[in-house]
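1. Fold the following and give me the result.
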Amino acid sequence: MTDIQTRRDMVWRTANGPIEAPVAKLGGQPFWLDEPFWPTSAGFGTPMMFIGQFPMPGPHSRLAFLFMAEDGYGTGSTYEPEDGDNALIVQPGGRVPPFLTGTSARTGPTLWRRGESWTDRVPVELRIDTVPPGGGDSYFGGEPHFWQPSTRPLGRFFFQLDGADGAPDEAYALNFGGGTGFAFLSDDGLEGRFCWDCV
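-> Predicted coordinates:
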């Protein structure tokens, strides 16, 4: 990815095996480009769930790794960008924000969908491709589509990702309160922020 001004919609397909490359994906395990940093949820004290990795804009191979606390009951603050219950980690050479703590674990909890029963959790790994804009709710670049008029950008808009319940016709389960998550980058591209917004 070389540009975050031009919108490109995300589409995904199930991977045939582990994706061990610096490419866009949801789920699986991170393909670290520097020393691992697995964030710990400030609200729950547990390792955050790895949601996905996203190639950074620019000529060099860099990734932003998205994590979020597992919060099945909506009691945490995963929607807040600086409360320590979500993280957008930039590698290599990025800065870890001061409100985050973590470990050097290379692997950990990962994105999932529901199985035969509502409580079954089936890990997923999805390769992300990009296509011209077609009205999708998950995309790189362009302008964010906030649900609430009070929501404000937290830097340069990078991408947005639609939430899902993980029902049989959905590829993953990601609790954004029925809304959408938004990723932003600092002006120097070394630090990330993430929040979500809903009706």
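2. Could you check how far the residue nearest in space to the middle of the chain is from residue 107?
-> With distances taken as Cα atoms, centre = their mean, residue 66 lies nearest the centre of the chain, 3.6 Å away. Residue 66 is 16 Å from residue 107, where distance means Cβ to Cβ, to the nearest Å. C-beta coordinates here come from the backbone N, C-alpha and C atoms, glycine included.
3. Kindly report the same for residue 94.
-> For residue 94 relative to residue 107 (Cβ to Cβ), the value is 20 Å.
4. Just want to know which of the two has more residues nearby.
-> residue 94 (24 against 12; other Cβ atoms under 10 Å).
5. Check the secondary structure at the more buried one for me.
-> Secondary structure, DSSP: H, G, I helix; E, B strand; the rest coil: residue 94 is coil.
6. Could you measure from it over to residue 189?
-> For residue 94, the distance to residue 189 equals 8 Å [Cβ to Cβ].
7. Mind giving me the packing neighbours of the lowest-mean-pLDDT helix or strand in the chain?
-> Here the helix or strand of the chain ranked lowest by mean pLDDT, DSSP states H and E is strand 164-165, holding a mean of 86. Packing partners of strand 164-165 (3 or more Cβ pairs under 8 Å, 6 or more residues apart in numbering; DSSP states H and E): strand 173-174.
8. residues shared between the contacts of residue 94 and residue 189?
-> Residues touching both residue 94 and residue 189 by Cβ atoms under 8 Å, 6 or more residues apart in numbering: residue 62.
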